[in-house]
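**Student:** The sequence isn't on hand, but the structure is:
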């Protein structure tokens, strides 16, 4: 599985590194992904997911069940 958030789908962005003389070279802006164990109350177990930090913050307010439903993810597979 690539470097991609399991819930939001965030991934790397193509960008330019710009030097002082304004020479531009290609680079990647990677998403801030973290491996996170999240308690899933409906399944009564922990689920290990690779999430962006933005998704982790949203997860605390919405909950894992609601976010997985919105993203169309089956948590039984994780």
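**Tutor:** Nice, thanks for sending it over. Treat the numbers as computed from the prediction; the structure is a model and nothing was measured.

**Student:** and the closest residue in space to residue 18 that isn't next to it in sequence, what is it in contact with?
**Tutor:** The shortest distance from residue 18 to any non-neighbouring residue, by C-beta to C-beta, 6 or more residues apart in numbering, is to residue 24 (5.4 Å). Where you see a C-beta, it was placed from the backbone N, CA and C, and this is true even at glycine. The neighbours of residue 24, taking C-beta atoms under 8 Å, 6 or more residues apart in numbering as the test, are 16-18.

**Student:** Please tell me how far residue 24 sits from residue 15.
**Tutor:** From residue 24 across to residue 15, the span is 9 Å (C-beta to C-beta, to the nearest Å).

**Student:** State the three-state secondary structure for the closest residue in space to residue 8 that isn't next to it in sequence.
**Tutor:** Distances taken as C-beta to C-beta, 6+ apart place residue 55 nearest to residue 8, at 4.9 Å, with adjacent residues excluded. The three-state assignment at residue 55 reads helix, by DSSP: H, G, I helix; E, B strand; the rest coil.

**Student:** Okay, and the closest residue in space to residue 35 that isn't next to it in sequence sits in which element?
**Tutor:** Spatial nearest neighbour of residue 35, chain neighbours left out: residue 50 (5.6 Å); criterion: C-beta to C-beta, 6+ apart. Using DSSP states H and E, residue 50 falls within strand 45-52.

**Student:** Tell me the helices and strands packed up against that strand.
**Tutor:** In this structure, strand 45-52 packs against strand 33-40, with contacts taken as 3 or more C-beta pairs under 8 Å, 6 or more residues apart in numbering; DSSP states H and E.
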